[in-house]
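Q: attaching a predicted model along with its sequence, questions to come.
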Amino acid sequence: MTVIEVQNLAKRYGETVAVRDVSFSVEPGEIFGILGPNGAGKTTTVECVAGLRTPDAGRITVLGRTAGDPELRTRIGVQLQESELQDKITVREALELYSTFYPDPADWRVLAGDLGLNAKLKTRFGNLSGGQKQRLSIALALIGNPEIAILDELTTGLDPQARRDTWDLISGIRDRGVTLLLVTHFMEEAERLCDRIVVIDKGAVAALDTPAGLIRRAGDEQRIRFRPSAPITDELLTVLPEVRELHREGSRIAITGTGNLLHAVVSVLASNGIVAAELTLERSTLDDAFVHLTGKE
Ligand SMILES: Nc1ncnc2c1ncn2[C@@H]1O[C@H](COP(=O)(O)OP(=O)(O)OP(=O)(O)O)[C@@H](O)[C@H]1O
């Protein structure tokens, strides 16, 4: 059974069209990413899935029910960008309070440990750093042992180590069978975590694919750089069908091309008795795919 089904979602705020036409479906146990430039409509989309906003048009079903159905409240964990906690509440109080909202809550002590909050249990929310607030909001999204967790900008504000720890935590949650819907700006995060990604641009779907599939769409272009051990002519390499462009950067040569570029270039050099020193190879990344699809850096 499809866990989340979004069909032709549309939502506007007054004159602003936030979501024009978005459709996607999420399978059980998937980590499904929503990627897109600022203002693309990502948060509005997940808020509609979470039942926090009512769509103007389209249909959303979650676990077989219409989004917003009160029965879904305890089955979905939501972490949104803005936390609604009061400044005076301590971390421990928040965790204990949220545990009482659910029929089968997780052990908040374990979650606090997993999210590195143990030393902060007595700290008031208002005195937490941005990263600590973020970690608490992730813990609160997971505290009800949800079947689906919706995480919006999950690692924004976290330092690189905390971000990696959170990725491990997310992978662990998926391994327990939870389906995850992630909104993210971080390409590395999307590439590392997501099984599939929908790219939303100006309120509509620009692409829906696996991270590798999106990267392929950006073109299979590669770039190699090296320093030849002896002078060579451009023609030696530009005649190769794999080579699209050759530049000289001082004593180094930079080549872009496709297919089995590295093998083709190194073979020609070797047959001419030339060694490619300081050789590097770069491939398209999800960043390239994103720019290709949305035209935005
Ligand atoms: N409550 C609101 N009232 C009016 N306009 C809104 C509201 N929330 C969002 N918008 C507008 O709707 C559009 C989509 O916003 P949304 O927050 O869904 O995009 P987003 O892709 O999540 O953006 P970001 O990456 O910046 O968080 C934007 O133009 C935004 O200004």
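A: Structure received. Numbers count the residues shown, from 1 in each chain.
Q: for the residue nearest to the spatial centre of the chain, list the residues it contacts.
A: By CA atoms, centre = their mean, the chain has its centre lying nearest to residue 190, at 2.8 Å. With contact set as CB atoms under 8 Å, 6 or more residues apart in numbering, residue 190 has these partners: 33, 35, 182, 184, 197, 211, 286. In short, each C-beta sits where N, CA and C put it, glycine included.
Q: can we see that at 6 Å?
A: With contact taken as CB atoms under 6 Å, 6 or more residues apart in numbering, residue 190 is in contact with 33, 35, 184, 197, 286.
Q: residues in contact with the last one?
A: When you say that, I think you mean residue 286. Contacts of residue 286 (CB under 6 Å, 6+ apart): 187, 190-191, 211, 215.
Q: out of these, which is nearest to residue 91?
A: Nearest to residue 91 among the contacts of residue 286: residue 190, at 28.9 Å, using CB to CB.
Q: what's the helix or strand for the closest one?
A: Assigned by DSSP states H and E, residue 190 belongs to helix 187-193.
Q: repeat that for residue 95.
A: In the assignment (DSSP H and E), residue 95 maps to helix 91-99.
Q: and the next helix or strand past that helix?
A: Following helix 91-99 in sequence, per DSSP H and E, is helix 108-114.
Q: now do that following helix: everything it contacts.
A: Contacts for helix 108-114 (CB under 6 Å, 6+ apart): 95, 99, 118, 139, 169.
Q: quick one on the thing from earlier: give me the subset of the contacts of residue 286 that also touch the ligand.
A: For the ligand, no contacts are drawn from the contacts of residue 286 by CB under 6 Å from any ligand atom.
Q: hang on, the earlier thing: now, the contacts of residue 190 that are in helices?
A: Among these, the members falling in helices are residue 286 (criterion: DSSP state H).
Q: so which of the contacts of residue 190 comes closest to residue 44?
A: Taking CB to CB as the measure, residue 44 lies nearest residue 35 of the contacts of residue 190, at 14.7 Å.
Q: hmm, the closest one is touching residue 198, no?
A: No - using CB atoms under 6 Å, residue 35 makes no contact with residue 198, being 7.3 Å away.
Q: who has more neighbours, the two?
A: Neighbours per residue, other CB atoms under 10 Å: of residue 35 and residue 198, the larger number sits with residue 35, 29 against 25.
Q: bridged to that one, which residues?
A: Bridge pairing for residue 35 (DSSP bridges) gives the partners residue 184, residue 199.
Q: for residue 293, see how far away it is.
A: Distance of residue 35 to residue 293, computed by CB to CB, to the nearest Å: 9 Å.
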